[in-house]
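Engineer: need coordinates for the following:
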Amino acid sequence: VTFWEDLLLAGLAEAHFQLILSRWAAPSRLPESLSCLATSVDAASAKREVQEVVMTPFLQRYMAYMVSLGINFEQARGSAMRTLRKHVELLGTSHEAYLQLI
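Structural biologist: Residues are numbered from 1 along each chain as shown. As a prediction, this is how the structure comes out:
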């Protein structure tokens, strides 16, 4: 169902937005391997960026929301997996971690 796919993407966008805000709020807490990311904006450096997985309360409960509304757990998991695999270019290597966490 496209509604759940869109909702998962919105949840992932929220999580990544929170990661960006936390980096801006405390740049001194960045690991040295990520310290250059604040000034680098070209596409090649974006591909080399270390992918981090951020779980928001919404993402943690995403499957429970689907199940509570009557969707079979296996169908809900399959839908989430298809959505994450469909957007692998957007998520990079973090899609594998999200597959396990969601």
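
Engineer: look up how far residue 6 lies from the residue minimising distance to the centre of the chain.
Structural biologist: Central residue of the chain (CA atoms, centre = their mean): residue 12, 3.9 Å from the mean position. The spacing between residue 12 and residue 6, counted by CB to CB, to the nearest Å, is 11 Å. For the C-beta atoms, the positions are set from N, CA and C on the backbone; glycine is no exception.

Engineer: what does residue 21 give?
Structural biologist: From residue 21 to residue 6 the distance is 22 Å (CB to CB).

Engineer: ok, residue 25 next?
Structural biologist: 28 Å.

Engineer: more neighbours: which of those two?
Structural biologist: residue 6 (11 against 8; other CB atoms under 10 Å).

Engineer: what's the single longest helix in this structure?
Structural biologist: Longest helix of the chain, by residue count under DSSP state H: helix 2-25.

Engineer: other SSEs contacting it?
Structural biologist: Counting contacts by 3 or more CB pairs under 8 Å, 6 or more residues apart in numbering; DSSP states H and E, helix 2-25 packs against helix 57-68, helix 73-86.

Engineer: tally of neighbours for residue 62?
Structural biologist: 21.

Engineer: isn't it up against residue 80?
Structural biologist: Yes: using CB atoms under 8 Å, residue 62 makes contact with residue 80 at a distance of 7.0 Å.
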